[in-house]
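Asks: how would this look folded up:
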Amino acid sequence: MASYAAVLSLFHTLNHIKNHPRPPISLDQSQVDRLTQNLTSFQDFLERYPGQEGYDFESRIAAAAYAAEHVIESHIFDQIHGLSIISILDLCECLRRVMGSIKNEVMKIMGAQTVDHRESISSIHLHRGLERAIQEMDFIRKEVIEIIQEKMMSAQDHDQHIKFSVSTASGGPASTWRSSTVPVFDKAIINELLDKLTRQQTGLKIIPIVGMGGIGKTTFARTIYGNPLIVHHFDVFAWVTISQEYSRGNILQVLCQEAMGSINGFSEMSEDEMGLKLYQHLWGRRYLIVMDDMWSVEAWGKVKSFFPDNNGSRIIITTRLSNLTFELSDRYVFKMQFLEENKSWDLLCEIVFGKLDCPIELVNIGNEIARKCRGLPLSIAVIGGLLKKSDMTRAYWLYTLENLNLLINLEDDEYTLQIMLTSYKELPMHLKPCFLYMGIFPEDYEIKTSILIKLWVAEGILRPVDKKSLEEVAKDYIKELIDRNLMLISELRWDGEAKLCKMHDLLRDVCLREAQKQKLFCIVRPHTHSLLYNMSVGDASPSLPFRFLRVYLPIETYGYPTLSNIVIFKQVNLRYLSVTLNFPGATSRLVSLCSHFWNLQTLDVQDADFYDDELVIASAIWEIPLLRHVKLFNLVLPDPPNGEHHFVLKNLQTLNGVINFKFSEEVVKRIPNIRKLKLIYTIFGVEAEDSPDFCLNNLGRLQKLESLNLKTRRYCDIGKISRSLVSFPQSLKKLTLTRTRLNWEDLTRSIGSLPLLQFLVLWNACVGPKWETAEGDFCSLRVLKIWSVDYDLRYWETDSAGFDLRYWETDSAHFPRLEHLCLDGLKNLEEIPSCIGDIPTLKSIRVRNCNKSVTDSAKGIKVEQEENGNEDLQVE
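Replies: This next block holds a predicted model:
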């Protein structure tokens with residue numbers, strides 16, 4: 001896996017140099033071609049034959065790829081820092097001229113010769129270093145070609161085998177259950193599934209049970225399988241456990257043996273004969289089949305034709321893959337949930353003490369042990385079994401609490417770890433580096449998916465996909481990891497995508513073990529690519545001697561981390577920089593030096609003092625060609641400089657925190673692919689009538705823009721801004737307007753017709769007593785928030801914009817896809833139109849700080865909808 005990450009990383013580095021308008025170094029094209037040829041072969045081999053040839057072979061690929069990349073980045077480091085020598089010599093030259101020194105020209109010549117000589121030596125070292133790495137790759141590539149040829153020759157004779165569990169007992173489903181400990185499943189959940197299984201419905205029904213490894217899918221299925229109601233209801237039972245490798249014949253053999261209660265005769269039959277025998281035996285009978293631990297829909301596709309569509313028959317399928325369930329059933333999916341803390345404690349007590357009570361002195365520690373198992377039944381069962389065999393002393397239980405994950409993974413020959421490892425081993429190769437990268441974050445850390453995406457891009461571990469940005473590829477990876485139950489969603493965004501995610505402790509242990517085993521990352525080493533450190537242990541930045549450093553991201557627990565020195569600017573290979581600066585003028589100084597970061601992609605800077613009104617003039621932004629995301633506080637981005645050497649920031653997708661940004665013709669040309677903008681307009685020290693024209697009418701020309709957040713502050717000519725907001729890009733999906741003072745009719749005219757707009761926030765944004773919408777308006781809008789409360793603590797002022805809205809005239813057809821409506825601070829609004837309740841997609845209405853009549857109208861809508869059979873609408 002580390003080999004695959006190394007190959008992708010070198011691919012990205014070569015592409016960055018190739019596509020850079022002013023590359024920091026020049027590479028020999030023949031060497032680049034040979035590198036590309038080798039890397040393409042390695043990538044193809046690793047994707048087609050993952051893990052086939054052992055760790056040693058893959059480690060050689062990783063070592064060669066990293067060696068080549070380190071040679072390149074080390075040369076870049078030397079070249080960029082070498083420029084500072086020239087700058088110092090130029091300064092000395094000026095000083096000596098002023099002093100009339102005759103040594104001036106001599107120093108100038110000697111200095112130039114010295115620099116030229118150093119550059120020549122460095123270039124030779126670059127070429128030789130790359131040549132050594134390429135020669136090693138050539139040797140490996142020859143072996144790869146030989147291995148691929150052998151694989152192709154042997155593929156014709158290759159048979160797959162099933163890993164399955166066959167019950168030797170017969171006579172009913174209850175006899176297959178041998179566990180003495182059953183997780184504490186809620187009776188309501190058991191009854192829900194029993195109802196789905198026994199309800200009289202025509203035809204065969206598939207019921208998937210999905211959840212992460214160790215969450216209790218199989219145990220829950222066996223609990224249902226052996227329930228007396230099930231035993232009485234069904235005529236025929238069969239259970240087959242399918243693992244990652246399977247064959248149709250073995251699946252059919254086990255099903256025939258289970259369903260018919262006999263183990264004789266089937267091994268001599270062909271697959272079709274067994275299938276026919278199974279079909280005939282099931283025909284006319286009500287049957288229950290359990291297919292446990294399914295990893296692909298193909299396994300189901302190969303046997304489904306042998307299950308007759310009998311009335312009331314059911315097939316339960318357990319799987320770790322959420323996306324698989326959608327292909328199996330379009331109606332009902334049972335998703336396993338983590339145990340609540342009280343249920344976890346109950347299960348632990350049952351395992352350790354049986355019917356006895358827990359000693360009082362162990363109750364608090366025991367509750368904490370149960371809590372730290374994070375609701376995973378497997379963890380509770382393993383640690384419970386360990387405690388049951390141990391001394392019932394407070395000291396030992398405290399030791400167990402402090403070493404919980406270690407003990408869980410060591411118990412039973414690392415049985416728990418092996419269960420978790422199965423999910424990792426079955427990942428496609430392109431997902432493995434991204435999954436292991438999650439281990440970098442602290443235990444229980446909630447990760448912002450937006451940050452995780454930028455980190456994966458910066459690390460160069462994403463496989464490029466045609467016609468997709470790397471950020472889009474990363475979003476697909478996150479969705480796939482969530483579908484595989486390897487990432488847990490902590491919070492959803494407005495559009496249903498994951499906003500915050502985290503990882504179960506045991507899965508994080510898998511990440512740490514595998515990543516360190518394969519040397520994907522470690523805490524600190526000379527060739528470190530990423531530096532993420534936890535600020536909860538102190539606010540001092542660690543020393544940074546790493547010339548290959550790509551990512552600098554302090555992970556804070558409370559507040560914002562600070563960087564009180566400028567050492568970070570020496571790390572010229574940085575791709576992701578996130579800091580908070582706490583000395584005067586620090587942000588301006590940082591931005592001015594950022595042009596040294598030749599490959600900088602994400603720049604995220606906060607001032608430690610949020611109330612510092614220093615305006616950061618960030619003209620250097622225009623000189624960083626590979627920038628993708630910029631987030632600064634009080635950023636002033638002036639017009640781009642003119643000249644022959646300017647370039648388009650074609651990778652720039654995010655500009656956040658920009659003040660008084662002027663959308664001139666030249667600016668629009670320079671940021672053609674911008675997707676997210678947050679703009680603030682406030683003219684300090686300028687009279688309103690003298691405020692400049694910000695050309696906001698050109699916003700409509702940004703055809704890739706998806707999210708726009710625009711706000712005004714005091715001392716700004718709001719009227720001039722509102723008059724220029726006449727055109728918005730058709731690509732816009734999310735729009736937040738604050739204190740823009742648009743007329744309601746202007747809002748409807750310029751925004752209502754946007755075809756893709758799904759999220760609209762109006763924060764003191766509109767004026768006028770009446771808002772009237774028309775048919776065809778807001779055709780895609782899902783979330784509408786109208787706020788007339790000023791929560792901007794920076795300026796303790798009251799803005800009455802929006803307070804005068806009294807009448808809202810609309811129709812349910814005007815918001816055909818609206819899901820959530822939120823109203824706050826609309827003091828004069830008389831009511832919510834009752835037709836809003838007729839919108840078929842509406843899920844919630846939330847009212848805060850409005851007239852009582854508005855609250856009453858919301859409650860009236862809920863009552864009316866309940867009378868019409870819609871009990872799902874939530875009103876707060």
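
Asks: every contact and neighbour count from this point should use C-alpha atoms.
Replies: Will do.

Asks: what mean pLDDT does stretch 769-789 get?
Replies: What stretch 769-789 shows for mean pLDDT is 89.

Asks: whoops, stretch 453-461 was the one
Replies: Stretch 453-461 comes out at a mean pLDDT of 94.

Asks: show residues contacting that stretch.
Replies: 5-6, 8-10, 12-13, 433-434, 462, 470-471, 474-475, 529-530, 550-551, 575-576, 601-602 (C-alpha atoms under 8 Å, 6 or more residues apart in numbering).

Asks: show me where the stretch 451-600 of the chain has its strands.
Replies: 488-492, 498-502, 530-534, 551-555, 576-581 (DSSP state E, counting those that start in this stretch).

Asks: repeat for the stretch 251-400 of the chain
Replies: 287-292, 314-319, 334-335.

Asks: give me the element L655 is part of.
Replies: strand 654-659 (DSSP states H and E).

Asks: need phi/psi at the spatially closest residue to E876 that is not a sequence neighbour.
Replies: Leaving aside its chain neighbours, E876 sits nearest to R846 (4.8 Å; criterion: C-alpha to C-alpha, 6 or more residues apart in numbering). Dihedral angles of R846 (phi, psi; degrees, to the nearest 10) stand at phi -120, psi 130.

Asks: C766 versus R846, what's the distance?
Replies: 20 Å (C-alpha to C-alpha, to the nearest Å).

Asks: next up, phi/psi of Y681, please.
Replies: Torsion angles, degrees, to the nearest 10, at Y681: phi -120, psi 120.

Asks: that one and I419, how far apart?
Replies: For Y681, the distance to I419 - C-alpha to C-alpha - is 55 Å.

Asks: next: A221.
Replies: 18 Å.

Asks: looking at the two, which is more packed in?
Replies: A221 (20 against 14; other C-alpha atoms under 10 Å).

Asks: neighbours around the closest residue in space to M336 that isn't next to it in sequence, how many?
Replies: Leaving aside its sequence neighbours, M336 sits nearest to G211 (C-alpha to C-alpha, 6+ apart; 5.1 Å). Counted by other C-alpha under 10 Å, the residues lying close to G211 total 22.

Asks: now do the contacts for G211.
Replies: K217, T319, R320, L321, S322, K335, M336, Q337, N485.

Asks: for PyMOL, what selects the buried ones among those residues?
Replies: Here is the PyMOL command that picks out the buried ones among the contacts of G211, judged by 16 or more other C-alpha atoms under 10 Å:
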select buried, resi 217+319+320+321+322+335+336+485
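
Asks: now the contacts of G211 in a markdown table, with pLDDT and distance to H596?
Replies: Below are those laid out as a markdown table (pLDDT from 0 to 100; distance: C-alpha to C-alpha, whole Å):
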| residue | pLDDT | distance to H596 |
| --- | --- | --- |
| K217 | 88 | 53 |
| T319 | 90 | 50 |
| R320 | 88 | 46 |
| L321 | 86 | 45 |
| S322 | 84 | 45 |
| K335 | 88 | 50 |
| M336 | 87 | 51 |
| Q337 | 87 | 49 |
| N485 | 84 | 41 |
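
Asks: show me which of the contacts of G211 is closest to L635.
Replies: Within the contacts of G211, proximity to L635 (C-alpha to C-alpha) peaks at N485, which comes in at 40.0 Å.

Asks: what's the local residue count around the closest residue to that closest one other than its chain neighbours?
Replies: Among residues not flanking N485 along the chain, M212 sits closest, at 4.9 Å (C-alpha to C-alpha, 6+ apart). For M212, the count of nearby residues is 27 (other C-alpha under 10 Å).

Asks: in which helix or strand does M212 reside?
Replies: Applying DSSP H and E, one finds M212 in no helix or strand.

Asks: quick one: it and L486 touch, right?
Replies: Yes. Counting by C-alpha atoms under 8 Å, L486 is a contact partner of M212 at 6.8 Å.

Asks: circling back to that earlier point, quick one: contacts for the residue nearest to N485?
Replies: Contacts of M212 by C-alpha under 8 Å, 6+ apart are R320, R484, N485, L486.

Asks: make TSV out of those residues and add distance to R739.
Replies: Putting those into TSV (distance: C-alpha to C-alpha, whole Å) gives the following:
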residue	distance to R739
R320	48
R484	44
N485	43
L486	43
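
Asks: and of these, the nearest to V231?
Replies: R320 (26.5 Å).

Asks: what sits against that closest one?
Replies: With C-alpha under 8 Å, 6+ apart, R320 has these contacts: V210, G211, M212, G213, D293, M294, W295, R484, N485.

Asks: which one among those residues gets closest to C358?
Replies: For those, the nearest to C358 is G213 (28.8 Å; C-alpha to C-alpha).

Asks: quick one: the closest one from Y424, how far?
Replies: Applying C-alpha to C-alpha to G213 and Y424 gives a distance of 11 Å.

Asks: and these two? Which one has more around it.
Replies: A direct count of neighbours by other C-alpha under 10 Å for G213 and Y424 places G213 higher, at 25 against 21.

Asks: still on that earlier bit, and the strands of the stretch 251-400 of the chain, which one is worst for confidence?
Replies: strand 334-335 (a mean of 88).

Asks: that one packs against which elements?
Replies: Counting contacts by 3 or more C-alpha pairs under 8 Å, 6 or more residues apart in numbering; DSSP states H and E, strand 334-335 packs against strand 205-210.
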